[in-house]
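Peer 1: Sequence unavailable; structure follows:
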């Protein structure tokens, strides 16, 4: 059943028309001017920088795995190896080399820039091995400043992205003249992350949009605060001239006062502090550093308010706790809302990656009917601290069993030294230890012609080694006893 309505008017789908669909009334925040504005905000404002890091760093820090439930092992391993991620439920196999390979942490860091600019665009690049299998060579980031146009279909779907032409007359290693067309990348080669996309708005909305007004007002107050300190920190030099000499006529008195005022103004402008600094004034003249009479405006309160509003725009209220807006005791309550928003962002990144990276990679190698594994992020904010008491409780309850992997994890967690090879070789399963004992007993018997074990001991060891014994065994009456002879 075809669509009847539309999300974008097909007759006017241009970047200018798409800007109208964003309903952005502020000229400074209309794309592409918004790129420079948001970039300047995150680089110059400490609170904005703190907010951006508070949102992105936990997502970068959490564990990302490949879930191969319902997929063939070959497909799951191929995807995990290309992305450099661990398969869920299996030990991580580190690649022999990392140079020249796809870096998932770097890709994730650039993908999260959609929160700053509203969108983050990548181009898929594949390589092929000798067997003809496609491998993900890179997800090449296409910076927002290089995007010149976004083509959108009637239903709001993405058609292609255009980049600005390369300067210098070079493109793909070939000289194409002084001017050339834009570079068009079709949708089947694209991976596009858009923050809060609505309809045909593939430019998205920056996470900093709601904080823009507060950041601008805060910047103005900071300038006023700096000017206030500069103008009133040391006071304003004021020179009062002396009275004119008595007996002079009016014109001579005016000329004398004009000369004194000019000299006083020069002294006020050139006044400096120092070891050899000084000032000479005629009798009756004065020199003062006059400050503001009364109280200066409290700019700290306004700046603190704007910082609170910037943090509130991303649900990061806890960044302001402990100053004058509450105590850290409220941090856990506010942090729950914040971590829920982080989990939503992480799931959004995973969904886009699954649809346009992993599924495309599987389609390249096995076709569209092959089940594709999924990228899954670990939940942020739900991990319990690993303490010695909790490990002991889990072991005693039977929820955990003591094995080499658990010991290796605990040694790494608490910074303990790695177990030596001799200790590792001494350990093993009960069956392995039993087989070792049986082999040793056999060697002793062959070397001395004396049975080192009783029959019941040997049978027990053989059972523990994994053999299925039945019957009562041979007649033990014919086997010489290995009990020590009594002294005569």
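Peer 2: Received the coordinates, thanks. Quick caveat: nothing in here was measured; it's all calculated off a predicted structure.

Peer 1: Excluding chain neighbours, what is closest to residue 353?
Peer 2: Nearest residue to residue 353 in three dimensions, chain neighbours excluded: residue 375, at 5.1 Å (C-beta to C-beta, 6 or more residues apart in numbering). The way it works is simple: take the backbone N, C-alpha and C, and place the C-beta from them, glycine included.

Peer 1: cool, and residue 202?
Peer 2: residue 150 (5.0 Å).

Peer 1: What is the three-state secondary structure of that neighbour?
Peer 2: strand (DSSP: H, G, I helix; E, B strand; the rest coil).

Peer 1: Now do the longest helix anywhere in the chain, average pLDDT.
Peer 2: Using DSSP state H, we find that the single longest helix of the chain is helix 331-353. Regarding helix 331-353, the rounded mean pLDDT is 85.

Peer 1: I'd like to know how many residues surround residue 232.
Peer 2: 13 (other C-beta atoms under 10 Å).

Peer 1: For residue 31, see how far away it is.
Peer 2: 42 Å (C-beta to C-beta, to the nearest Å).

Peer 1: and if you look at residue 217?
Peer 2: Residue 217 is 23 Å from residue 31, by C-beta to C-beta.

Peer 1: Please apply the same query to residue 76.
Peer 2: 39 Å.

Peer 1: of those two, who's got more company?
Peer 2: residue 76 (23 against 20).

Peer 1: Just read off the phi/psi values of the more buried one.
Peer 2: phi -60, psi -40 (degrees, to the nearest 10).

Peer 1: In this model residue 65 seems to touch it, though I could be wrong.
Peer 2: No. In this structure residue 76 lies outside contact range of residue 65 using C-beta atoms under 8 Å: 10.8 Å.

Peer 1: Could you pull out the residues contacting both of these two?
Peer 2: residue 87 (C-beta atoms under 8 Å, 6 or more residues apart in numbering).

Peer 1: Low-confidence bits of the stretch 151-300 of the chain, can you list those?
Peer 2: 167-181 (pLDDT under 70).

Peer 1: quick one, strands of it?
Peer 2: Applying DSSP state E, counting those that start in this stretch to the stretch 151-300 of the chain gives strands spanning 158-163, 170-171, 174-175, 183-186, 190-194, 236-240, 286-290.

Peer 1: who does the last one pair up with?
Peer 2: Translated: strand 286-290. strand 236-240 (antiparallel) (DSSP bridges).

Peer 1: who's in contact with the strand it pairs with?
Peer 2: 264-265, 267-269, 271, 281, 285-291.

Peer 1: Among those residues, which one has the most neighbours?
Peer 2: residue 264 (21 neighbours).

Peer 1: which ones are touching it?
Peer 2: Counting by C-beta under 8 Å, 6+ apart, residue 264 has contacts 239-241, 285.

Peer 1: could I get those as TSV with distance to residue 352?
Peer 2: Shown next, in TSV, are these (distance: C-beta to C-beta, whole Å):
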residue	distance to residue 352
239	69
240	73
241	75
285	76
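
Peer 1: Any of those residues buried? List them.
Peer 2: 239, 241, 285 (16 or more other C-beta atoms under 10 Å).

Peer 1: Just put the residues you listed in TSV and tack on distance to residue 139.
Peer 2: Shown next, in TSV, are the buried ones among the contacts of residue 264 (distance: C-beta to C-beta, whole Å):
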residue	distance to residue 139
239	69
241	75
285	75
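
Peer 1: Which of those sits closest to residue 91?
Peer 2: residue 239 (81.8 Å; C-beta to C-beta).

Peer 1: Now that closest one: closest residue in space that isn't a chain neighbour?
Peer 2: residue 264 is the one closest to residue 239 (C-beta to C-beta, 6+ apart), at 3.4 Å.

Peer 1: got the contact list for the closest residue to residue 350 other than its chain neighbours?
Peer 2: Nearest residue to residue 350, sequence neighbours excluded (C-beta to C-beta, 6+ apart): residue 375, at 4.8 Å. Applying C-beta under 8 Å, 6+ apart to residue 375 gives the contacts 64-67, 83, 85, 350, 353-354, 357-358.

Peer 1: my guess is residue 375 is in a strand, correct?
Peer 2: Yes. Residue 375: assigned to a strand according to three-state DSSP.

Peer 1: Which strand residues bridge it?
Peer 2: If you apply DSSP bridges, the partners that residue 375 bridges to are residue 66.

Peer 1: Can you show me the helices along the stretch 301-450 of the chain?
Peer 2: 331-353, 359-366, 388-397, 404-413, 421-426, 430-448 (DSSP state H, counting those that start in this stretch).

Peer 1: ok, residue 417 - how many residues close by?
Peer 2: With other C-beta under 10 Å as criterion, residue 417 counts 6.

Peer 1: pretty sure it contacts residue 408?
Peer 2: No. Residue 417 lies out of contact with residue 408 (C-beta under 8 Å); the separation is 11.7 Å.

Peer 1: deepest of the strands of the stretch 151-300 of the chain, which one?
Peer 2: strand 190-194 (a mean of 20; mean count of other C-beta atoms under 10 Å).
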